[in-house]
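Make a model of this:
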Amino acid sequence: MPSCANGHVQKFGLKCDVCGADVSYKSAAKELLALPSVQPDYGGISLLRVGFPGVLSRVDYSASVTIGEEERADADSFIVPRIHGGNWLEFKSRYQTKLTRWLKMVGFEKSKHRIVIMDTSDPLSVLAVAAIPNQAHTLVVAISADPDSTPVEQSNSYAAISIATKRGFPLIALGASYTRDLLFYSEEGGFATHADAVSKIVGSLIQVLDDTLDLTERDLRLGGKLHYIATIISGSKTVYANTGDALVVEQHNLSIEPKPEDVRMLHGIIMGGKHLQAEFTKNFTQFRTKNFKTAISAEARFFERPGEQYDLVMICGLGEAGLLGSLAEGYNTVKTALPELDVEAVA
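Reported below is the predicted structural model:
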């Protein structure tokens with residue numbers, strides 16, 4: 001604000017209303033050089049989708065990486081043109097720098113937590129996992145190829161998962177056949193299948209993302225680079241006599257099919273009424289000691305929410321060899337035909 005020579009602040013005019021001295025606008029103009037600080041709120045959770053059509057709630061920012069008619073980027077999508085006959089290496093080589101720059105521009109790295117959900121049979125998944133900022137509190141949910149997938153799909157999946165683990169991101173794998181056959185029912189939403197059902201699973205993880213990242217990042221330090229999950233959505237005593245029975249049922253609904261002896265970490269998170277906490281803690285301990293004696297780390301966590309129904313997520317940590325081993329045959333078949341598709345050489 002301008003003031004006179006005697007220091008009286010004025011709003012307008014050439015003469016001071018108090019003492020009659022001249023009002024100086026020249027000195028006041030210097031104040032305009034100091035710009036106000038900008039402190040944008042990037043929210044708690046940012047989501048990046050690659051080859052996944054499902055819609056996820058409870059996130060503050062959502063964006064996608066897709067193939068389109070022409071190269072284009074806006075506030076919530078990064079689009080690359082189709083490369084005829086293109087493979088994961090060509091997309092990665094051409095667009096990794098641009099995608100990294102775009103993610104920085106939209107502030108993807110600024111949120112408290114980040115989650116990337118990708119269909120790893122899509123060659124763009126390799127591009128995305130190579131370009132995302134290498135920061136803590138970033139969870140990768142990977143829909144992985146399985147033995148029924150084609151060698152090309154297995155090659156894409158092997159490359160994306162390998163790069164993710166090498167960059168140190170905790171990764172939860174959902175097998176392609178598991179997501180294809182997935183079906184859930186909830187009172188509020190009815191039946192959900194395929195991508196909608198996957199969205200419900202990931203939505204449960206998002207509700208407790210801080211706990212999920214805490215557990216999976218700790219597992220990384222113990223060699224647990226990959227994880228699989230088993231989930232029950234909208235469980236209740238009407239269906240399961242107790243949470244111990246629910247845990248037993250989960251053993252038959254695994255997101256991938258590892259060998260039980262390969263499980264090195266076992267965690268359970270239940271989201272439900274307060275009355276479930278003590279029961280679940282006891283049942284989880286009994287379940288672990290009976291079925292996963294080789295686990296070197298295990299923990300049960302409770303997340304309170306109202307109502308009689310509950311969501312139950314079991315998270316199991318593995319070394320990377322198990323999942324990558326199941327994809328290696330297809331990966332090596334493709335690499336024999338195209339030696340440049342060597343993830344070890346480009347990661």
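
remind me which residues of the stretch 151-300 of the chain are low pLDDT?
The model of the stretch 151-300 of the chain has pLDDT under 70 over residues 185-189.

show me where it has strands.
Along the stretch 151-300 of the chain, the segments classed as strands by DSSP state E, counting those that start in this stretch run 171-175, 183-186, 190-193, 226-235, 265-272, 297-304.

my hunch is that Ile315 is in a strand, does that hold up?
Yes - if the criterion is DSSP: H, G, I helix; E, B strand; the rest coil, then Ile315 is within a strand.

Is the nearest residue to it once chain neighbours are set aside bridged to anything, and to what?
In this structure, Ile315 finds its nearest non-sequential neighbour in His267, 4.5 Å apart by Cβ to Cβ, 6 or more residues apart in numbering. In this view, the C-beta of every residue, glycine as well, is placed from N, C-alpha and C. For His267, the beta-bridge partners under DSSP bridges are Glu299, Ile315.

Let me see the contact set for His267.
Contacts for His267 were tallied using Cβ atoms under 8 Å, 6 or more residues apart in numbering; they are 215, 298-301, 314-317.

wait, which of those is closest to Ile232?
Met314 (8.8 Å; Cβ to Cβ).

okay but the closest one is in contact with Val248, surely?
No - using Cβ atoms under 8 Å, Met314 is not in contact with Val248; the gap is 10.9 Å.

More neighbours: which of these two?
Met314 (25 against 14; other Cβ atoms under 10 Å).

Leaving out sequence neighbours, find the closest residue to the more buried one.
Met314's closest residue in space is Ala230 (Cβ to Cβ, 6+ apart), at 4.5 Å.

And for the one you found, the neighbour number?
20.

so how far is His252 from it?
Computed as Cβ to Cβ, to the nearest Å, the Ala230 to His252 distance reads 8 Å.

still on that earlier bit, ok, the residue nearest to Met314 - contacts?
Applying Cβ under 8 Å, 6+ apart, the residues near Ala230 are 250-251, 253-255, 313-314, 316.

and it, how far is that from Ile269?
Going from Ala230 to Ile269 by Cβ to Cβ gives 11 Å.

who touches both of the two?
Val313.

could you pull out the helices for this structure?
For the chain, applying DSSP state H gives helices covering 26-29, 88-105, 124-131, 151-166, 176-181, 194-207, 209-221, 243-250, 277-291, 321-337, 343-346.

Pick the most deeply packed of these.
A comparison of the helices of the chain by mean neighbour count, using mean count of other Cβ atoms under 10 Å, puts helix 124-131 on top with a mean of 28.

Mind giving me the packing neighbours of that helix?
Counting by 3 or more Cβ pairs under 8 Å, 6 or more residues apart in numbering; DSSP states H and E, the packing neighbours recorded for helix 124-131 are strand 45-50, strand 61-68, helix 88-105, strand 113-119, helix 151-166.

Same list, the ones you listed, but as TSV with distance to Ser236 please.
Output for those, formatted as TSV (distance: least, Cβ to Cβ, whole Å):
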stretch	distance to Ser236
strand 45-50	28
strand 61-68	31
helix 88-105	41
strand 113-119	28
helix 151-166	35
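
show me the contacts for Thr212.
Here Thr212 is in contact with 139, 205, 269, 313, 315 (Cβ under 8 Å, 6+ apart).

one more time with 10 Å
By Cβ atoms under 10 Å, 6 or more residues apart in numbering, Thr212 lies in contact with 113, 115, 139, 170, 172, 204-206, 227, 229, 267, 269, 301, 313, 315.

How about Leu341?
Leu341 makes contacts with 87-90, 126, 152, 155-156, 158-159, 331, 334-335, as judged by Cβ under 10 Å, 6+ apart.

residues contacting the spatially closest residue to Gly223 that is not a sequence neighbour?
Among residues not flanking Gly223 along the chain, Gly319 sits closest, at 5.8 Å (Cβ to Cβ, 6+ apart). By Cβ under 10 Å, 6+ apart, Gly319 lies in contact with 165, 222-226, 258, 262, 264, 325.
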